[in-house]
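Enquirer: Sequence first, predicted model second:
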Amino acid sequence: MTLILGIDPGSRITGFGVVRDTGRGCEYVASGCIRTGSGLLYERLQIVYRGVREVIQTYGPVTMGIEKVFMARNADSALKLGQARGAAIVAAAEETLEIAEYTATQVKQAVAGTGGANKDQVMMMVMHLLKLTQKPQVDASDALAIALCHAHTRSSLIPHGLNTARSRGGRLRL
């Protein structure tokens, strides 16, 4: 059984989700949001970094999936998102987690069966797959979807001897 951390990065709200991959599916462990407030960017990045490390130290995942940056209409927002991703990735790397990155389309495809799914469809599938009775916060739901995508990807690659996650030594595993 593998504990998997999913991270939906943001400079104001970073969602996290932890699932247990049992080999026959995933079980919900925890989820929530790291809220950074409206301080200076470097202060918010420090909160993201510390928050992700605290989640890792609390739950003990061994691998992490994180959403890739996409270029939206606002370049400044994309840059801030990239910096929040970097803070989360460094926190996971320092805790020696294997790290894999997924596009939003990959996550939607893995969870909802279509890369064009909307947030409500993804949330409903997350609730169904993890047998949740209450809706998680939106950012936490997205993070759980990323964790589920990572679990699905790992389970489809491992039997074939492939694993594209970064190893504990920082090298790309093939």
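Expert: Perfect, thanks for sending it.
Enquirer: Next, the contact list for Asp8, please.
Expert: Thr14, Gly15, Phe16, Gly17, Glu67, Asp139, Ala140, Asp142, Ala143, Ile146 (Cβ atoms under 8 Å, 6 or more residues apart in numbering). Yep, even glycine has a C-beta here, placed from its N, CA and C like the rest.
Enquirer: hmm, try it at 6 Å
Expert: Gly15, Glu67, Asp139, Asp142, Ala143 (Cβ atoms under 6 Å, 6 or more residues apart in numbering).
Enquirer: And it, how far from Tyr102?
Expert: 11 Å (Cβ to Cβ, to the nearest Å).
Enquirer: Glu101 in helix, strand or coil?
Expert: Secondary structure assignment for Glu101 (DSSP: H, G, I helix; E, B strand; the rest coil): strand.
Enquirer: distance of the closest residue to it other than its chain neighbours from Gly115?
Expert: Excluding the flanking residues, the one nearest Glu101 by Cβ to Cβ, 6 or more residues apart in numbering is Lys68, at 4.8 Å. Counting by Cβ to Cβ, the separation of Lys68 from Gly115 is 13 Å.
Enquirer: now do Val48
Expert: Distance from Val48 to Gly115, by Cβ to Cβ: 27 Å.
Enquirer: which of those two has more neighbours?
Expert: When Val48 and Gly115 are compared on other Cβ atoms under 10 Å, the one with more neighbours turns out to be Val48, at 27 against 13.
Enquirer: my guess is the more buried one contacts Thr14, does it?
Expert: Yes. Using Cβ atoms under 6 Å, Val48 is in contact with Thr14, at 5.1 Å.
Enquirer: Please enumerate the shared neighbours of those two.
Expert: Ile34.
Enquirer: Return the distance of stretch 114-130 from the chain's centre.
Expert: Computed by Cα atoms, centre = their mean, to the nearest Å, the chain-centroid distance of stretch 114-130 equals 15 Å.
Enquirer: what comes into contact with that stretch?
Expert: Under Cβ under 6 Å, 6+ apart, the answer for stretch 114-130 is Tyr28, Thr105, Lys108, Gln109, Val111, Ala112, Ser141, Leu144, Ala145.
Enquirer: switch the cut-off to 7 Å
Expert: 19, 26, 28, 105, 108-109, 111-112, 135, 138, 141, 144-145, 148 (Cβ atoms under 7 Å, 6 or more residues apart in numbering).
Enquirer: what do you get for stretch 18-32?
Expert: 1-5, 16-17, 59, 61, 129-130, 132, 136, 140, 143-144, 147-148, 151.
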